[in-house]
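A.B. asks: what follows is a protein structure lacking sequence information:
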């Protein structure tokens, strides 16, 4: 198990030069009004950075490889074929994005 302290995603994105500190403050202000939304989702929904940059940074923060799949890449309902146990074993999370909301 990786014992490194995980860096907040906002700090990682600023450190990489992908977003500014003002961008992160905008996202944090938005999050105060919408406390149930995750910062990464907010950053994406406000178009503060590209989705691949965000995904790469999240993967690095968690020490995991990431892959961006679009609906056209997957022709099946993945959740009908992959059990929750397999997802846990592989540190994988299934999610769907529609209308820019996850």
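C.D. replies: Sure, I can see it. None of these values were measured; they are calculated from a predicted model.
A.B. asks: rest of the way, CA atoms for contacts and neighbours
C.D. replies: OK.
A.B. asks: surely residue 79 is in a strand?
C.D. replies: No - the assignment for residue 79 (DSSP: H, G, I helix; E, B strand; the rest coil) gives helix, which keeps it out of a strand.
A.B. asks: for it, what are its contacts?
C.D. replies: Contact partners of residue 79, counting by C-alpha atoms under 8 Å, 6 or more residues apart in numbering, are residue 94.
A.B. asks: gap between it and residue 89?
C.D. replies: Relative to residue 89, residue 79 is positioned 15 Å away (C-alpha to C-alpha, to the nearest Å).
A.B. asks: tell me where this protein has helices.
C.D. replies: Ranges of helices within the chain are 9-15, 21-33, 39-45, 51-62, 84-89, based on DSSP state H.
A.B. asks: elements contacting the longest one?
C.D. replies: Here helix 21-33 is seen to pack against helix 39-45 when contacts are counted using 3 or more C-alpha pairs under 8 Å, 6 or more residues apart in numbering; DSSP states H and E.
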